[in-house]
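# sequence and predicted structure below; questions after.
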Amino acid sequence: LQDKLNGAFRTLKGKDRISDINVAATTKEVRRALVDADVNFKVAKDITDRIREKALDRKILISVEPGQMFVKIVQEELTELMGGQAESINIKGDPAVILIAGLQGSGKTTFSGKLASLLKKQGRQVLLAACDIYRPAAIDQLKVLGEQIGVEVYAEPDSKDAVSIAQNAIAHARKIGKKIVIVDTAGRLAVDEVMMKEVEDIKSAVKPSEILFVVDSMTGQDAVNTARTFNQRLNFDGVVLTKLDGDSRGGAALSIRQVVEKPIKYISTGEKMEALDSFYPDRMASRILGMGDVISLVERAQQAFDEDEAKRINAKMRQNKFDFDDFLGQLQQIKKMGNVKDLIGMIPGMGSAMKDLDIDNDSFKPIEAIIQSMTKKERENPDLIDGSRKRRIAGGSGTSIQQVNNLLKQFDEMRRMMKKMNTMQAPGQMKKALR
Ligand code: GDP
Ligand code: MG
């Protein structure tokens, strides 16, 4: 999708005002890109119709790059369609019950663990209830996660009655003073009457204050159909979109929101317990637009390691002073976190630049070697690096001139992306542009 959209916006590049003709061409490209990303055709058409109107409405753009303005309009529109604000979950009752539903393999159990871990970090008393009685390994899976995050798991290995397990879990929570019970349920490979009936029964027995429907973002149009069915039966409160670390389909987020009219509340971006984010429509819109998710990256960096460092980097990004030393620091921090693939897509420009590489921690070695072979001045200002310096850096780092060139190019692209994002975030600039 990103490539497609980048292509669409390229249509506008170099033009100094938005005219009917290039708006039409660009919206058509945007529509095609959205449909390709599994956005429902009608939804995609509605979106692009509105985008076209907005773009033509703002008879602007003499002083500003029209492509940039167009991106801004598309981003606003996508953000609004995905709900505008991040929405939180309802925690009410004693104990509060959160019911997790979805197809088998969608990521329910993993998410249950992540949510428990998140709530625990917020200082809440959480109990996990293992109500998947069909897969023999399901209880163990939840227990392993529970142990890992230090949250108790309630299970009845011999029971064949998911409803009574859920009820007993709640009684147990009350007894031991847990304030929240997360009920992990069984899924099937496809929507199925027995499964639906069971989840419905659990729902009426435990009266959850929040029902979350978990769906694999890689399942495309099917995700929308599954969401629709689950919503008809359960009237859930929110959606959890999983596996956004893979070939992420922003399309599912858009269509599900449009079709079932329920907010997406969390996104899951990996198998690790930390790989959970609240759903921010504006960030998802940026991500769909290929601008990278800097805000999430910085936020996650804050959680995982030094907060001051994250602030410093954030400030440098804003001032457009992000240099190779910062870049090297970021790489090293990412490596410390273990899961490179999760994070790489969030760095502006890096997502598309490095998408095709098979990335693991070793992939960073040549990059680090190249940066380490630069002088301090060069790291701060890569423009100083001329042909002969490139040769030396390649020699010093055991890489080729082409590798050095590639890195410089990617870095430049990344900085330009950051600059673009900064400009778009500044309301003053927008006003100026609208005059
Ligand atoms: P359930 O059947 O709905 O309970 O699904 P599980 O939680 O057991 O997850 C199914 C598989 O998907 C497991 O191998 C998980 O590790 C994996 N998984 C879950 N969430 C994510 C995610 O966000 N990203 C990735 N890459 N894998 C995930
Ligand atoms: Mg499970």
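Received the coordinates, thanks. Ligands and ions are numbered 1, 2, ... in the order given.

# please report how far residue 136 lies from ligand 1.
13 Å (C-beta to the nearest ligand atom, to the nearest Å). (Each C-beta comes from the backbone N, C-alpha and C, glycine too.)

# next one: residue 79, what pLDDT does it get?
Looking at residue 79, its pLDDT reads 88.

# neighbours of it, how many?
Residue 79: 19 surrounding residues under other C-beta atoms under 10 Å.

# begin at 31 from here
Got it, first residue is 31 now, which makes that one residue 109.

# check which helix or strand it maps to.
Remark: residue 109 resides in helix 96-111, with elements defined by DSSP states H and E.

# and residue 308, how far from residue 204?
For residue 308, the distance to residue 204 (C-beta to C-beta, to the nearest Å) stands at 29 Å.

# scratch that, residue 268 is what I was asking about
25 Å.

# next: residue 316.
Per C-beta to C-beta, residue 316 is found 43 Å from residue 204.

# which one's more surrounded, these two?
For residue 316 versus residue 204, neighbours defined as other C-beta under 10 Å are more numerous around residue 316 (23 against 14).

# could you dump the helix or strand encompassing that one to PDB, C-alpha only?
Residue 316 belongs to helix 311-318 when elements are defined using DSSP H and E. C-alpha atoms of helix 311-318 as PDB (Å, rounded to 0.1, in the frame of the first residue of the first chain):
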ATOM      1  CA  PRO A 311      -6.100   6.500  14.300                       C
ATOM      2  CA  ASP A 312      -3.800   9.400  13.300                       C
ATOM      3  CA  ARG A 313      -0.700   7.200  13.700                       C
ATOM      4  CA  MET A 314      -2.300   4.400  11.700                       C
ATOM      5  CA  ALA A 315      -3.200   6.900   9.000                       C
ATOM      6  CA  SER A 316       0.400   8.100   8.900                       C
ATOM      7  CA  ARG A 317       1.600   4.500   8.800                       C
ATOM      8  CA  ILE A 318      -0.700   3.700   6.000                       C
END
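
# so for it, mean pLDDT?
77.

# how about the residues of this protein near ligand 2?
Proximity of the chain to ligand 2 (C-beta under 5 Å from the ion) is limited to residues 138-139, 162.

# what subset of these is also close to ligand 1?
138-139 (C-beta under 6 Å from any ligand atom).

# switch the residues of the chain next to ligand 2 over to JSON lines; also include secondary structure, pLDDT and neighbour count.
Shown next, in JSON lines, are the residues of the chain next to ligand 2 (DSSP: H, G, I helix; E, B strand; the rest coil; pLDDT from 0 to 100; neighbours: other C-beta atoms under 10 Å):
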{"residue": "138", "secondary structure": "helix", "pLDDT": "97", "neighbour count": "26"}
{"residue": "139", "secondary structure": "helix", "pLDDT": "97", "neighbour count": "27"}
{"residue": "162", "secondary structure": "coil", "pLDDT": "95", "neighbour count": "22"}
